[in-house]
Every structure is written in C-alpha cells, then in structure tokens.
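Undergrad: here is my input; please provide its structure:
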Amino acid sequence: MTSFSKNDTARTPFGRNQFLRSTRGLGIESYTLSRATVPDQTIDTFTERFLQPGTVLARVTSGNEAGKIGPFRAGAVINESVSLAVTATGGTFTLTYGGVATAALAFDSTAEQVRAALTDLTTLNSRDIVVTGGALPGTAVVITFTGLLSGQDVGAITVQTGSLTGGSAAVTTTAGDSSGSGAATDGRQDPNNIVGLLETFAPWQLKERDLEVAVVYRGAVVQANCFEFGSSNTAVALTNATRDQMLLRPALQLSFH
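TA: Prediction:
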C-alpha cells in the first residue's frame, strides 16, 4: 500500500500577506518591475528572488533599468538635529528659524513648549519636526527635522539669550545627510519617486524576467503588513519615516491603519 511521510517542520510565513484594510476605492496602476532591482532573499534555506505584496516601490530614474520600478531603498538616512542646552537660572530666550523668531520661552521650558513655539512659526510645518528631551535647564531639548525635511541639511536654528539670567543657552547642530548608507543609487532612494505598494504576488517569476505588476496608489492599508528595503537590502517592516514621506506625496492617496 502506498504511504508517505508528512514533514511537520515549521515554515517561515510566505505568500499573499493581507496589507489591504479594504478593497473599496482602490487606485491601481500597472508598471514594469525590474528583476535586476530585486535582491535574493532566503526563506527556509531556499534562496529566491521575490517581493511580498505591500512592498513600497519607486521609479528607477538612471542606469540600464530606467523607466521601470523596483523596491524603495533609502538607506540609513540621517535627520538633522539641534540640541538646545540652557545653564540659566531665570529669564527667557527665543529661537529663530528661517529668519523668524519664536515668542519668548522660559529658561525652564519643556520639550512640548519648545515644539509649540517652533510650530507657530510660518517657516516651519508641525509635521517636519519632533522635539524630545527636557525639561530645561536640567536636560537638553533635542529638535529633530523629519517629514519633508528628513535627511536634509536644513537652515540653522539659532538661540537669542539676551533675557536670560544666571547663565546662558547654546545650540549644537548635527547636519542631515540624505545620501543614506546602503541606499539605492538609481533613483529608488528618493521618496519623491515612490509610486505605491505592490499588489501582485510573484513567488518565482522574478527569477526569470521583469514582470508587469499592479501597484496600489490609493486605498486603506495596514502599515504593519507593509514592507520596505533597509540599508542591508533586506525587507523590513515599513517605517514611520517612510510612511510619513508617502503621506506627503500628492500622487499617493493612501491611509495607514
């Protein structure tokens, strides 16, 4: 009598992950996915060239694959940051960005108070900074540029200390760098080239050729089930930084849940 042995070894999840929160109102565009931009990945000791649905895709704008798309890979981008330290025991100070000064800030301001003063400026969008640390003067406040200013060498924030007493204040700036260690070099590293999220699942086709794929540019998606490629050119969970860049792109109409 014919018999067989079942292999019950656990396997790495692989297949059509459910990155779509809803199928209503989807906007889908067709593109040619470049085989050359897709790295080999190993699953359960098998090495394959594949992409999971929900992967962020971007245009290739230079080189032999120009005109096609591939996985977005920004690399390890450095966001510019400014550390604000205060040694004063009283009085107020102001910060200036883009030639516009904030309202007076107390020597013992919290990170939230600094953030509120900066985002009141006409030269700075609230989505483009994150403020942590504090409260002053015991702990420095750190202002990090994000959103549209992510990875850029932005204009300086300066501090005016004329009304402080018993001490002073100073800022230390770490410049931004968009080159990104491990980033793609063919245009796929640029958030402005992102076209959307892969809808097509191709478990083996990319081993052989380029592939026509469907890309979602409008719809509701589950962020935890989406992917991008990190600085080591391996798939990682979609980061908040990349999500924020996608939300700022007028051509993309995606809501993340």
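
Undergrad: got any ranges where the stretch 101-250 of the chain has weak pLDDT?
TA: 177-180 (pLDDT under 70).

Undergrad: quick one, helices of it?
TA: Counting by DSSP state H, counting those that start in this stretch, one finds helices in the stretch 101-250 of the chain at the ranges 111-119, 240-247.

Undergrad: extract the C-alpha set from the last one and format it as CSV.
TA: These are the backbone C-alpha positions of helix 240-247, laid out as CSV (Å, rounded to 0.1, in the frame of the first residue of the first chain):
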residue,chain,number,x,y,z
ASN,A,240,7.1,55.6,10.2
ALA,A,241,9.6,57.8,8.4
THR,A,242,8.8,56.3,5.0
ARG,A,243,5.1,56.2,5.8
ASP,A,244,5.2,60.0,6.5
GLN,A,245,7.0,60.6,3.3
MET,A,246,4.3,58.7,1.4
LEU,A,247,1.6,60.7,3.1
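
Undergrad: who's in contact with that helix?
TA: Counting by CB atoms under 8 Å, 6 or more residues apart in numbering, helix 240-247 makes contact with 56, 72, 74, 77, 127, 146-148, 150, 191, 194, 223, 228, 252, 254, 256, all of which sit outside it. To be clear about C-beta, it is placed using only N, CA and C from the backbone, and glycine gets the same treatment.

Undergrad: in it, what counts as buried?
TA: Judged by neighbour count using 16 or more other CB atoms under 10 Å, the buried positions of helix 240-247 are A241, T242, R243, D244, Q245, M246.

Undergrad: domains in the chain, as residue ranges please.
TA: 27-75+182-256, 77-179 (automatic domain parsing).

Undergrad: format the ones you listed as JSON lines; extra columns: distance to Q18.
TA: Putting these into JSON lines (distance: least, CB to CB, whole Å) gives the following:
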{"stretch": "domain 27-75+182-256", "distance to Q18": "6"}
{"stretch": "domain 77-179", "distance to Q18": "28"}
